[in-house]
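Engineer: dropping a prediction and its sequence here:
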Amino acid sequence: MKAFLRLFFKLLYHQFAFTYDLVAAGVSFNRWKDWVTSVIPFIEGTRILELGHGPGHLQRIFLHRGLVAVAIDESRQMSYLARRRTDGSARLTRGLAQRLPFASKSFHTVVSTFPSEYIFDPRTMSEAMRCLSDGGRFIVLPAALPKNRFLDWLFKVTGEAPSEAMDVVRFKLKEPFVKAGFDAEIETLEVKSSTLLIVIARRKHVEKIT
């Protein structure tokens, strides 16, 4: 199943990228754009880096808000869609999150919505940390969980109450960021038919020795 999902998302992000918005709308009950934009209130500062920009929904919002936003994605097809959505105004580059072509401490916030497993790669964590200014935020929206069915499933699998099972999910999401040296917490947003889990990881301030 894991291999099948990897193949599915690879095709969706590349050869079949033109269907991405349609598929996303279908699986989210037409709430995908609302889910993606839910990270906006957690973004701080004016210099923003988006990892895995996809078809460019966040980039369009950043442009309208006058933010200095840069985005990176390894998919040529997604870059094409994002440029078209932003009328060519977005600052996009192709590359990998594990090897970011940006100077250290360049951004106030690094953000990623519904990324694939690369986001938990220690190299991605290290690069995000490097590119953030002291106190900067790494915001990740990894999942939208169906409210009732998912919690029922967790209850059956773990034998715990739904609230306890959600605590396990929060811990698992938070753990890679803490191991990477971030101060991290998990925000839970209740939206129509789903629960959004948003990781807010902050680069610690470096104390200067005088």
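Structural biologist: Nice, I can see it.
Engineer: which strands and helices sit next to the biggest strand by length in the chain?
Structural biologist: Counting by DSSP state E, the longest strand found in the chain is strand 132-146. On a contact count with 3 or more Cβ pairs under 8 Å, 6 or more residues apart in numbering; DSSP states H and E, strand 132-146 meets helix 32-37, strand 107-113, helix 162-179, strand 194-202. C-beta here means a position set from N, CA and C on the backbone, and glycine is covered the same way.
Engineer: quick one: which of these is nearest residue 125?
Structural biologist: helix 162-179 (6.5 Å; Cβ to Cβ).
Engineer: tell me what angle the closest one forms with strand 194-202.
Structural biologist: With axes from the mean of the first three to the mean of the last three Cα atoms, to 10 degrees defining the directions, helix 162-179 sits at 30 degrees from strand 194-202.
Engineer: what is the mean pLDDT for helix 162-179?
Structural biologist: Mean per-residue pLDDT for helix 162-179: 80.
Engineer: and the next element down the chain from that helix?
Structural biologist: strand 183-191 (DSSP states H and E).
Engineer: please find the angle between the direction vectors of that following strand and strand 194-202.
Structural biologist: 160 degrees.
Engineer: mind listing what residue 119 touches?
Structural biologist: 51, 52, 97, 112, 140, 142 (Cβ atoms under 8 Å, 6 or more residues apart in numbering).
Engineer: a markdown table please, covering the residues you listed and showing neighbour count and pLDDT.
Structural biologist: Output for the contacts of residue 119, formatted as a markdown table (neighbours: other Cβ atoms under 10 Å; pLDDT from 0 to 100):
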| residue | neighbour count | pLDDT |
| --- | --- | --- |
| 51 | 24 | 97 |
| 52 | 20 | 94 |
| 97 | 22 | 95 |
| 112 | 26 | 96 |
| 140 | 27 | 96 |
| 142 | 18 | 89 |
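Engineer: list the helices and strands the helix or strand where residue 61 lies packs on?
Structural biologist: For residue 61, the host element (DSSP H and E) is helix 57-64. For helix 57-64, the packing partners by 3+ Cβ pairs under 8 Å, 6+ apart come out as helix 32-37, strand 47-51, strand 68-73, helix 76-85.
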